[in-house]
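**Student:** my questions concern the predicted model and sequence given below.
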Amino acid sequence: MKKPILVSACLLGQACRYDGKSKPNEAVLALMEKYELIPVCPEALGGLSIPRLPSEIRRGAVVSENGADVTEFFVTGAMEALKIAKKHGCETAVLKARSPSCGSGEIYDGSFSGELTEGDGITASLLKKNGITVYTEDEITVF
């Protein structure tokens, strides 16, 4: 039986990103050979539409590009992703870098200018707090 890993669905080719597109990643897809990949899109799980306005974390809240507070959707999606991770026994996650949901270590700074800042997305943070090791697609070499 393959060890399960929670993975951002967009990295597996599912068109669930804010722009309605996917970001398939060859290194992530190659993990299928050794692991059972459990796809999640926390933003869609939280009730946000596809496509949707881009969002970033600003002063602890998630805001969309038009200034609407969408934190509730991101928190709901993070909780759903955690439930899925626990259900499947995932101890590890590979999530989309820099995302306000999935970013680990650095995220966009909330100014919608493309600037990065240190921090974690809502889902990455919740998973880490619950003992799940989080990587981004940029760190796949650790596998």
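**Tutor:** In hand now; what should we look at? What you are looking at is a predicted structure, and each value in this text was computed from that prediction instead of being measured.
**Student:** center of the chain, which residue is that?
**Tutor:** In the chain, the residue lying closest to the centroid (CA atoms, centre = their mean) is Cys102, at 2.5 Å.
**Student:** helices along the chain, start to end?
**Tutor:** 26-30, 42-45, 71-88, 122-129 (DSSP state H).
**Student:** which stretch among these is buried most, on average?
**Tutor:** Comparing these by mean neighbour count (mean count of other CB atoms under 10 Å), helix 42-45 ranks first with a mean of 27. Any C-beta I mention is one placed from the backbone N, CA and C, and that applies to glycine too.
**Student:** before we move on, back to that, contacts only, for the residue nearest to the centre of the chain.
**Tutor:** Ser8, Pro42, Leu95, Lys96, Gly121, Thr123, Ala124, Thr136 (CB atoms under 8 Å, 6 or more residues apart in numbering).
**Student:** do Ala15 as well
**Tutor:** Lys21, Ser22, Ile50.
**Student:** circling back to that earlier point, let's have the helices of the chain in a markdown table, adding mean pLDDT and distance to Ala61.
**Tutor:** Shown next, in a markdown table, are the helices of the chain (pLDDT from 0 to 100; distance: least, CB to CB, whole Å):
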| stretch | mean pLDDT | distance to Ala61 |
| --- | --- | --- |
| helix 26-30 | 96 | 29 |
| helix 42-45 | 98 | 15 |
| helix 71-88 | 98 | 5 |
| helix 122-129 | 98 | 10 |
